[in-house]
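In: mind looking at a prediction? Sequence and model below.
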Amino acid sequence: TRSGSVTGVQTCALPIYLCGAPVILTGLIHAPEEAKRRFGHGVIEVVTGGAAPPSAVLAKMEEMGFNVSHLYGMTESYGPSTICAFQDEWKSLPLNERAQKMSRQGLPIVTHSAADVIDRETGAPLPPDGESLGELVMRANTIMRGYFKNQAASDETLRDGWLHSGDLAVKHPDGYLEIKDRAKDIIISGGENIASLEVEDVLYRHPMVMEAAVVARPDATWGESPCAFVTLKPQAEGQVSADDIMAWCRQNMAAFKIPRTVIFGPLPKTATGKIQKFVLRDQAKAL
């Protein structure tokens, strides 16, 4: 990179880039103050993916001098497929509102010809109203030809000219895509659909919560109910109760979306830092 010296301080004329899953960003945010360093490079550009970053994490990263861009993709699409391209008009928005927009999956990247949200039953494109929930589908030259020696799975995933992601999403009036949940992670409680990502986003905004994941728990009355697994900040352990978490949710979401069960402790993760929800689902069923 090109660099120079200003009053004896090394400066870099190009952005500094960091790539990492949201769990890496969370680790930076909650690192001990004595371990944090400030550099003279200005804003550090970060790209994140692998899981949907909570808007609260993006807001805290910006406060620390990191500008985060969200990428979305699948192994089946040969990596990144969309990017939440930043728009200049977002600069005037309050930080929390700006972070909400930046946490969306965005628009197709240059190598992808199309991405859309379609009705899961009819395959028809859904209106860009930010509310109509359907499946995110993609089309590109980089889409896989199929799964190895698994024609049935290939036919299910690749049909009608689209790669079917299995992610439930909406399309906003500005054309930006936003994933609400994986189809298998939607919680159906009393006939109402609850997006686990929406509940998690509220939990991440709690000042004492470091990490959170929400899954369905069998419920004798409602069929399923939200079960929240929460990792508290070290200084909050023993100071925050399940009732405190539920009260926070009650202030920030509809009553039927509030977790009826809250479990505290570390979250199971893969080697790349993705939370293993299938493990949490098994734990929730055993409660």
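Out: Structure's in. What do you need?

In: the residue nearest the centre of the chain and residue 144, how far apart?
Out: The centroid of the chain falls nearest to residue 52 when counting by CA atoms, centre = their mean (1.4 Å). With distances taken as CB to CB, to the nearest Å, residue 52 is found 22 Å from residue 144. C-beta coordinates here come from the backbone N, C-alpha and C atoms, glycine included.

In: hmm, back to that, helix or strand: which one has the residue nearest to the centre of the chain?
Out: Assigned by DSSP states H and E, residue 52 belongs to no helix or strand.

In: just checking, it touches residue 103?
Out: Yes. In this structure, residue 52 is within contact of residue 103 by CB atoms under 8 Å, at 6.8 Å.

In: identify the contacts common to these two.
Out: Shared contacts of residue 52 and residue 103, defined by CB atoms under 8 Å, 6 or more residues apart in numbering, comprise residue 70.

In: circling back to that earlier point, so what's the residue nearest to the centre of the chain up against?
Out: 22, 70, 103, 105, 179, 197 are the contacts of residue 52 under CB under 8 Å, 6+ apart.

In: per-residue pLDDT, it?
Out: Looking at residue 52, its pLDDT stands at 82.

In: next, it: phi, psi?
Out: Backbone geometry at residue 52, expressed as degrees, to the nearest 10, gives phi -70, psi 120.

In: and it, how far is that from residue 206?
Out: 18 Å.

In: same question for residue 248.
Out: From residue 248 to residue 206 the distance is 5 Å (CB to CB).

In: and which of the contacts of residue 52 is nearest residue 134?
Out: The closest of the contacts of residue 52 to residue 134 turns out to be residue 179 (CB to CB; 11.1 Å).

In: ok, the closest one to residue 273 distance?
Out: Going from residue 179 to residue 273 by CB to CB gives 18 Å.

In: neighbour count for the two, which is higher?
Out: residue 179 (20 against 16; other CB atoms under 10 Å).

In: what ranges does the stretch 51-200 of the chain have for its helices?
Out: 55-63, 95-102, 151-157, 196-204 (DSSP state H, counting those that start in this stretch).

In: how about those in CSV, adding mean neighbour count, distance to residue 228 and mean pLDDT?
Out: As requested, these are exported to CSV (neighbours: other CB atoms under 10 Å; distance: least, CB to CB, whole Å; pLDDT from 0 to 100):
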stretch, mean neighbour count, distance to residue 228, mean pLDDT
helix 55-63, 21, 15, 91
helix 95-102, 18, 21, 92
helix 151-157, 12, 31, 96
helix 196-204, 22, 6, 94
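
In: as TSV, these with distance to residue 80 would be great.
Out: Conversion of the helices of the stretch 51-200 of the chain to TSV gives the following (distance: least, CB to CB, whole Å):
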stretch	distance to residue 80
helix 55-63	17
helix 95-102	16
helix 151-157	18
helix 196-204	19
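
In: tell me which of those sits nearest to residue 255.
Out: Closest to residue 255 of the helices of the stretch 51-200 of the chain is helix 196-204 (CB to CB; 12.3 Å).

In: and the pLDDT for the closest residue in space to residue 105 that isn't next to it in sequence?
Out: Sequence neighbours aside, residue 72 is the residue nearest to residue 105 in space, at 4.1 Å (criterion: CB to CB, 6 or more residues apart in numbering). If you check residue 72, the pLDDT there is 93.

In: I appreciate the help and will end here.
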